[in-house]
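J.: Sequence and computational prediction follow.
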Amino acid sequence: MVDLVEHAPITGEVRMVWAGDERVFRLAIANCLALEERRGCGLSSILTRLESGGWWVDDVRETLRIALTGGGMDAKAARKLVDDHCSDGRLQESVLTAYIVVSAAISAPTHEPEVGKDQAAGDPVEATDASPLPPLSEPVQQ
């Protein structure tokens with residue numbers, strides 16, 4: 001069960017409890033490329049499979065193994081941890097973890113900037129009736 005999820009600002013690093021302890025997962029670009037090569041597809045395809053339930057066992061195992069090493073764990077220790085915890089009857093918890101890790105790599109969350117005392121004491125921001133931008137009517141030229 002995932003007990004804790006904490007995203008580092010902009011880095012794509014995820015700290016969460018998995019396999020009985022808090023772990024650091026990170027898929028930097030080099031890790032993403034290695035994962036795509038190992039799985040033979042793009043990161044968004046892996047994410048889609050994890051989200052839809054159409055995942056493959058190695059979508060989960062390779063994501064976690066590579067992300068653990070990206071988070072600073074020794075490669076042998078990462079492989080053993082994945083072998084021990086992505087096993088028969090234990091995959092579902094790991095699917096959610098892999099999904100969170102890949103999601104963070106694709107769009108690392110940003111945190112709200114801290115507000116200083118002077119700004120916090122000022123007037124509140126007024127709400128506007130502005131609507132979001134409409135979708136593009138024409139495809140973007142590549």
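T.: Now that the structure is in, tell me what you want to look at.
J.: ok, and what's touching stretch 60-78?
T.: The contact list for stretch 60-78 (CB atoms under 8 Å, 6 or more residues apart in numbering) reads 13-14, 18, 23-28, 31, 34-35, 38-39, 46, 50, 79, 81-82, 86, 91, 94-95, 97-98, 101-102, 105. C-beta: built from backbone N, CA, C; applies to glycine.
J.: Try it again at 7 Å.
T.: Stretch 60-78 is contacted by residues 13, 23-28, 31, 34-35, 38-39, 46, 79, 81-82, 86, 91, 94-95, 97-98, 101-102 when judged by CB atoms under 7 Å, 6 or more residues apart in numbering.
J.: filter these to the buried ones?
T.: Neighbour-count burial (16 or more other CB atoms under 10 Å) is assigned, among the contacts of stretch 60-78, to 13, 23-28, 31, 34-35, 39, 46, 81-82, 86, 94-95, 97-98, 101-102.
J.: Where helices are concerned, which of the residues you listed count?
T.: Mapping those onto helices (DSSP state H) picks out 31, 34-35, 39, 46, 81-82, 94-95, 97-98, 101-102.
J.: pLDDT and distance to residue 60 added to those, as TSV?
T.: Below are these laid out as TSV (pLDDT from 0 to 100; distance: CB to CB, whole Å):
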residue	pLDDT	distance to residue 60
31	95	15
34	96	16
35	97	11
39	96	11
46	97	9
81	97	13
82	97	9
94	96	5
95	96	5
97	96	8
98	97	5
101	96	10
102	96	10
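J.: What is the nearest of those to residue 59?
T.: Nearest to residue 59 among these: residue 46, at 5.3 Å, using CB to CB.
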